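[1] Task: produce atomic coordinates for the following.
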Amino acid sequence: MQIYKVGGAVRDRLLGKPVTDIDWVVVGATTEEMLAKGYRPVGADFPVFLHPKSGEEYALARTERKNGRGYGGFIFHASPDVTLEEDLIRRDLTINAMAEDDQQNLTDPYHGQQDLEARLLRHVSPAFAEDPLRVLRVARFAARYAELGFTVAPETLELMHQLSESGELEALTPERSWKEIARALMEDQPQVFIEVLRECGALKVLMPEIDALFGVPQPEAHHPEIDTGVHTLSVLEQAARHKQPLTVRWACLLHDLGKGLTPEKEWPRHIAHEHKGLKLIKAVNERFKVPKDCQELALLVGKYHTHGHRALELKPSTLLELLQSFDVYRRPQRFEEFIAACEMDARGRKGLEQRSYPQADYLRGAATAARSIAVQPLLEKGFKGPELGEAIKGERLKALKAYKDQA
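    Sure, this is the predicted structure:
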C-alpha cells in the first residue's frame, strides 16, 4: 500500500500558491484493507474513504471507461493492480496529473511540470474528450491562472471545440454546470472563463444569450468599446477587481442580454432592452437552476440598471417605485448589491474604468430617507389596512422629495 498526494495540491505547491484542499490516492490497497485501518467509506460510485483522524478523502487508484453520455457516463474500476500512472492518465490536465510521496518525490509521467513552466493548460490523453464537464473546468482554470500567463494549448482547445459540437455539453446536469460556472465567476479574472468558452464554441451551446452579444454595437458616446459582448466582459472584470460577491457577478454577466434581441436596423440604439432582456435572464437562470438570490438580483439589475445610472434625474415617485421593487426596508443588502452592479456597469467601459459614480451615494441616501419613516405615528392616527400602506407610501414620497431638494 502506497499513498500519494495528487492533483491540485501538487500543482499549487509547485506554483508557489497556497494549498487548501489535498487529494490523496492509495495504490495497491483493497477496500477491506482500508476498512481494517479505520478509514470510513463515502464513495457511492468508486471507493473513497475518510481518514480516521484528519477526515481527508483518500481514493483507491482507479481506471475509468466511458459507457454513456455526459459527466456521469463512466464505469470505474479500482483494484490493487491499478498503477499510479494508470490513475493519473484519467485526469483532465497534465498540471493536475502529478503526484508526490511523503518525501515530496514527484511522479510526473505526463510532463505536467514542463507545462507548468510553459504556462500551458494541456490535456493528458485523448480520453479528455469523453467528459464534457472538462470544457468548463479548463475554462475555469484559464480564468484562475490567467494572471500567471497560462493559456489553453491549441490541441486541447481543438478537443474542447469537438466536444462543444458533439452534443455532449447538453448532457451536463444543471447542478454540475452551475457549480463550475459559479466557481469560475469567483476567480480573479472571470471574463477569461467566458472568453475561452466562446473561443471553443461552448458559449453558444451553454449560454447562447451571452454569445449573441458579441458583434452587437452600442452608441460610442456611452460605450467607447462599442461591442456589447466586450462591454459585458469588462463589467465582469470590474466586478472581480472590486471583489464583488457571486450575486453581483452573475447580475453583471446577464444585465444587457436584451441588447442581443435588438434588430440590426435599430443599431446602435437598444430601446427597452431592459424589459426585453428579462425573458432571457429567466431562461438562463432556469437552465442552470441558479440559486434564488442570484436569480432575483440578475432580474432586478436587468430591469432597473438604467434607473441606477439616471438616479440623479429620477422623479421622487420613480425613485420610490425603485426602492419598493427592491424591498429596501426588509432587504437592504439586495439594494446595496444592485448599486454595486450598476457601478460595475458604469466602469466596464473602455477608458472609463476609474470614473466616479455619484449615483451610488445618492441611491443610498434615498434608501435611508425612505427607511426613516416611522409607522407608529401613523398607527396612532388611526390608519390601518390598505389605508396604512398608502399613508406610509405618502410619507416616504414626501421624504424623497425633501431629499431630492437638498441633494
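[2] CA atoms for contacts and neighbours, from now on please.
    Will do.
[3] What's the local residue count around Gly167?
    A total of 14 residues lie near Gly167 under the criterion other Cα atoms under 10 Å.
[4] so how far is Phe193 from it?
    20 Å (Cα to Cα, to the nearest Å).
[5] what's the domain layout of the chain?
    Listed domain ranges for the chain are 1-110, 376-406 (source: automatic domain parsing).
[6] export the ones you listed to TSV and tack on mean pLDDT and mean neighbour count?
    Shown next, in TSV, are these (pLDDT from 0 to 100; neighbours: other Cα atoms under 10 Å):
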stretch	mean pLDDT	mean neighbour count
domain 1-110	88	17
domain 376-406	92	15
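[7] Select, out of those domains, the one closest to Pro358.
    Pro358 sits nearest to domain 376-406 of all these, at 13.8 Å, using Cα to Cα.
[8] Tell me where the longest helix sits in the protein.
    Looking across the chain with DSSP state H, the single longest helix is helix 385-406.
[9] how close does the closest residue to Leu379 other than its chain neighbours sit to Leu236?
    Leaving aside its sequence neighbours, Leu379 sits nearest to Leu388 (Cα to Cα, 6 or more residues apart in numbering; 7.4 Å). Noted for Leu388: a distance of 42 Å to Leu236, by Cα to Cα.
[10] hang on, Glu109 packs against Leu84?
    Just so we're on the same page, residue 109 is Pro rather than Glu. No. Counting by Cα atoms under 8 Å, Pro109 stays clear of Leu84, with 9.5 Å between them.
[11] Can you show me the helices along the stretch 101-250 of the chain?
    112-118, 133-144, 154-166, 174-185, 190-199, 203-206, 208-211, 228-241, 246-254 (DSSP state H, counting those that start in this stretch).
[12] Dump those to CSV, plus mean pLDDT, distance to Gly260 and mean neighbour count.
    Compiled in CSV, those are given as follows (pLDDT from 0 to 100; distance: least, Cα to Cα, whole Å; neighbours: other Cα atoms under 10 Å):
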stretch, mean pLDDT, distance to Gly260, mean neighbour count
helix 112-118, 98, 38, 17
helix 133-144, 97, 23, 24
helix 154-166, 96, 22, 18
helix 174-185, 97, 21, 18
helix 190-199, 98, 16, 24
helix 203-206, 98, 13, 18
helix 208-211, 98, 7, 22
helix 228-241, 98, 8, 24
helix 246-254, 98, 11, 25
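[13] Turn these into a markdown table, including distance to Leu379.
    Formatted as a markdown table, the helices of the stretch 101-250 of the chain follow (distance: least, Cα to Cα, whole Å):
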| stretch | distance to Leu379 |
| --- | --- |
| helix 112-118 | 68 |
| helix 133-144 | 55 |
| helix 154-166 | 62 |
| helix 174-185 | 46 |
| helix 190-199 | 50 |
| helix 203-206 | 53 |
| helix 208-211 | 49 |
| helix 228-241 | 43 |
| helix 246-254 | 37 |
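[14] quick one: which of those is nearest Leu280?
    helix 208-211 (6.8 Å).
[15] So what's the gap between the closest one and the chain middle?
    Offset of helix 208-211 from its chain centre (Cα atoms, centre = their mean, to the nearest Å): 15 Å.
[16] Which strands or helices does it pack on?
    helix 203-206 (3 or more Cα pairs under 8 Å, 6 or more residues apart in numbering; DSSP states H and E).
[17] Can you spell out which helices and strands pack onto the helix it packs on?
    So helix 203-206, by 3+ Cα pairs under 8 Å, 6+ apart, packs with helix 190-199, helix 208-211.
[18] List the contacts of that helix.
    Helix 203-206 is contacted from outside by Ser164, Leu169, Glu170, Ile194, Leu197, Arg198, Ile210, Asp211, Ala212, using Cα atoms under 8 Å, 6 or more residues apart in numbering.
[19] please redo it, this time with the cut-off set to 7 Å
    Leu197, Arg198, Asp211 (Cα atoms under 7 Å, 6 or more residues apart in numbering).
[20] For the residue lying closest to the first one once chain neighbours are set aside, give its distance to Asp256.
    Of all residues not flanking Leu197 in the chain, Leu203 sits nearest, at 5.0 Å (Cα to Cα, 6+ apart). Plainly put, Leu203 is 16 Å away from Asp256 if you go by Cα to Cα.
[21] Can you read off the pLDDT for the nearest residue to Thr262 once chain neighbours are set aside?
    Nearest residue to Thr262, sequence neighbours excluded (Cα to Cα, 6+ apart): His270, at 6.1 Å. His270 is assigned a pLDDT of 97 by the prediction.
[22] Surely His270 and Lys259 touch.
    Yes. When contacts are counted by Cα atoms under 7 Å, His270 is listed as touching Lys259 (5.9 Å).
[23] Tell me which of these two has more neighbours.
    The neighbour comparison of His270 against Lys259 (other Cα under 10 Å) goes to Lys259, with 27 against 20.
[24] where does that one land in three-state SS?
    Secondary structure state of Lys259, per DSSP: H, G, I helix; E, B strand; the rest coil, is helix.
[25] Equivalent analysis for Tyr362, please.
    Per three-state DSSP, Tyr362 ends up helix.
[26] Can you report how many residues lie near it?
    17.
[27] go on, Pro358?
    12.
[28] What of Gln359?
    Around Gln359 there are 19 residues (other Cα under 10 Å).
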